[in-house]
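S.K.: Please find the sequence and the predicted model below.
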Amino acid sequence: MLFDTHVHLNADQFMEDREETIERARAAGVEYMVVVGFDRKTIPLAIEIAEQYDFIYAAVGWHPVDAIDMTEEDLNWIEELSAHPKVVALGEMGLDYHWDKSPHDVQKTVFAKQIRLAKKLNMPVIIHNREATEDIITVLQEENAAEVGGIMHCYNDSADYVQTCLDMNFYISLGGPVTFKNATMPKEVAKIVPGDRLLIETDAPFLAPHPNRGKRNEPAYVALVAEKIAELRGVDVKELGRITTENAFRLFNINPHKK
């Protein structure tokens with residue numbers, strides 16, 4: 001039993017074969033997924049997909065790259081959509097210093113507003129971090145995001161920051177990079193994250209795991225992520241699947257018996 005906690009089935013790359021992609025995921029043992037919406041186009045589609053499948057849930061938020069485009073109306077819209085029974089988290093949100101579309105101060109403002117909304121709604125947050133770790137931690141601490149906690153999505157940072165994230169009530173989610181032959185940091189992290197704070201994901205269609213690196217990623221490949229982490233931790237892959245799925249249920253407040 002596997003839970004892909006972060007997938008973009010709402011991306012253009014799945015428009016032609018979304019149903020077949022979902023069927024392949026189920027065949028690979030992926031029993032639950034969260035589809036993440038992050039702008040005006042992908043948010044409604046995330047909810048639409050979640051409505052079609054009882055084992056798929058949605059997250060809604062505003063991506064930091066597009067922070068400059070977000071209005072108060074968008075924030076109010078996200079708040080309205082958060083009441084949907086299939087919406088289980090706010091995000092992805094955070095900071096992205098790789099691309100220069102949105103100034104850093106604008107990103108921080110939009111990030112902080114979404115954290116405050118999450119606290120108002122008592123919902124976990126999904127954090128996108130690219131080349132902005134210190135500022136991410138500062139904003140999370142200043143806004144007391146520990147009140148709701150959430151996920152460090154596709155964690156690809158030093159093991160040195162893991163304890164800081166845990167102390168802020170966050171789970172660590174690992175994806176395709178943990179399988180890359182030359183990726184030492186995710187492998188180190190995979191070994192040290194406490195079992196009750198570990199999650200797995202694909203971020204599909206991005207970051208496909210080895211041996212599919214460079215191709216379109218899809219949720220079925222979360223099985224490859226689970227296998228590598230189980231190997232690194234010296235545990236049975238079924239046990240790793242069980243633990244990470246239970247963690248996701250707890251974080252997202254999902255009762256699997258009420259599908």
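M.R.: Looks like it arrived, so ask away.
S.K.: which helices and strands does the longest strand along the chain pack with?
M.R.: Counting by DSSP state E, the longest strand found in the chain is strand 87-96. Under the contact criterion of 3 or more CB pairs under 8 Å, 6 or more residues apart in numbering; DSSP states H and E, the helices and strands touching strand 87-96 comprise strand 30-37, strand 56-60, helix 104-121, strand 125-130, helix 133-142, strand 150-152, helix 237-252. Glycine gets a C-beta too; all of them are placed from N, C-alpha and C.
S.K.: list the buried ones in that strand?
M.R.: 87, 88, 89, 90, 91, 92, 93, 94, 95, 96 (16 or more other CB atoms under 10 Å).
S.K.: Can you tell me the strand partners of it and which way each runs?
M.R.: Its sheet considered, strand 87-96 pairs with strand 56-60 (parallel), strand 125-130 (parallel) by DSSP bridges.
S.K.: could you dump these to JSON lines with distance to residue 173 and mean neighbour count?
M.R.: As requested, the strands paired with strand 87-96 are exported to JSON lines (distance: least, CB to CB, whole Å; neighbours: other CB atoms under 10 Å):
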{"stretch": "strand 56-60", "distance to residue 173": "12", "mean neighbour count": "27"}
{"stretch": "strand 125-130", "distance to residue 173": "9", "mean neighbour count": "24"}
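S.K.: Out of those strands, the one nearest residue 189 is which?
M.R.: Counting by CB to CB, residue 189 lies closest to strand 125-130 out of those; the figure is 13.2 Å.
S.K.: Quick one: residues in contact with the closest one.
M.R.: The contact list for strand 125-130, computed with CB atoms under 8 Å, 6 or more residues apart in numbering, reads 6, 36, 59, 61, 63-64, 89-98, 114-115, 118, 136, 140, 145, 148-153, 157, 170.
S.K.: angle of that strand against helix 104-121?
M.R.: Direction vectors for strand 125-130 and helix 104-121, defined by axes from the mean of the first three to the mean of the last three CA atoms, to 10 degrees, enclose an angle of 160 degrees.
S.K.: Give me the distance from strand 125-130 to the chain's centre.
M.R.: For strand 125-130, the distance from its own C-alpha centre to the chain's C-alpha centre is 7 Å (CA atoms, centre = their mean, to the nearest Å).
S.K.: What angle do helix 133-142 and that strand make with each other?
M.R.: Orientation note: strand 125-130 sits at an angle of 160 degrees relative to helix 133-142 (the same axes, to 10 degrees).
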